[in-house]
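S.K.: just to be clear, the model below is a prediction. Sequence and coordinates:
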Amino acid sequence: LSAQGFNATQLERFAALLADGGGGDWLTGLVYGPHTRVPLADFLARVVPRGMRVRTYPDIGHATWSQFPKARWWAPYGLIAARESPQYRVEQWLAQVRRERATAVVGFGAYSDGVVDNA
């Protein structure tokens with residue numbers, strides 16, 4: 001279950017529902033992905049009930065103007081290829097995502113459109 005795309009009011013209602021046990025016994029975890037309104041630290045502190053696991057769903061299919069922009073991206077190439085450029089060095093990029101998120105979550109299943117990130 002994800003809060004992606006929720007506006008501020010919907011996110012508050014979602015957090016209140018979870019805090020009141022609205023997830024029942026069947027809901028054992030949440031997903032944090034692109035387009036979640038608040039940063040991961042705020043999501044963990046304000047939305048996620050104690051003991052509930054969170055898995056991230058990072059967007060690795062885009063190089064610029066994205067959730068995890070490429071570090072040291074050559075500006076002319078970035079301007080030409082924009083978001084949809086081939087993603088070379090995917091393993092190094094995923095290692096960066098893993099390092100940044102490792103302490104707060106139980107893992108991730110990356111978003112990918114399967115075209116530009118397997119060069």
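M.R.: Received, thanks. Numbers count the residues shown, from 1 in each chain.

S.K.: how about the helix or strand where residue 16 lies: buried residues?
M.R.: Per DSSP states H and E: residue 16 is located in helix 8-19. Going by neighbour count (16 or more other C-beta atoms under 10 Å), the buried part of helix 8-19 is 11, 14, 15, 18. C-beta: built from backbone N, CA, C; applies to glycine.

S.K.: list of residues touching it?
M.R.: Contact with helix 8-19 is made by 3, 6, 23, 27, 37, 38, 46, 47, 48, 49, 52, as judged by C-beta atoms under 8 Å, 6 or more residues apart in numbering.

S.K.: CA atoms of it as PDB?
M.R.: The C-alpha trace of helix 8-19 is given here as PDB (Å, rounded to 0.1, in the frame of the first residue of the first chain):
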ATOM      1  CA  ALA A   8      -1.900  16.900   2.200                       C
ATOM      2  CA  THR A   9      -5.400  16.200   3.400                       C
ATOM      3  CA  GLN A  10      -5.400  12.600   2.100                       C
ATOM      4  CA  LEU A  11      -2.000  11.900   3.600                       C
ATOM      5  CA  GLU A  12      -3.300  13.200   7.000                       C
ATOM      6  CA  ARG A  13      -6.400  11.000   6.800                       C
ATOM      7  CA  PHE A  14      -4.200   8.000   5.800                       C
ATOM      8  CA  ALA A  15      -1.900   8.500   8.800                       C
ATOM      9  CA  ALA A  16      -4.900   8.900  11.100                       C
ATOM     10  CA  LEU A  17      -6.400   5.700   9.800                       C
ATOM     11  CA  LEU A  18      -3.200   3.800  10.300                       C
ATOM     12  CA  ALA A  19      -2.700   5.200  13.800                       C
END
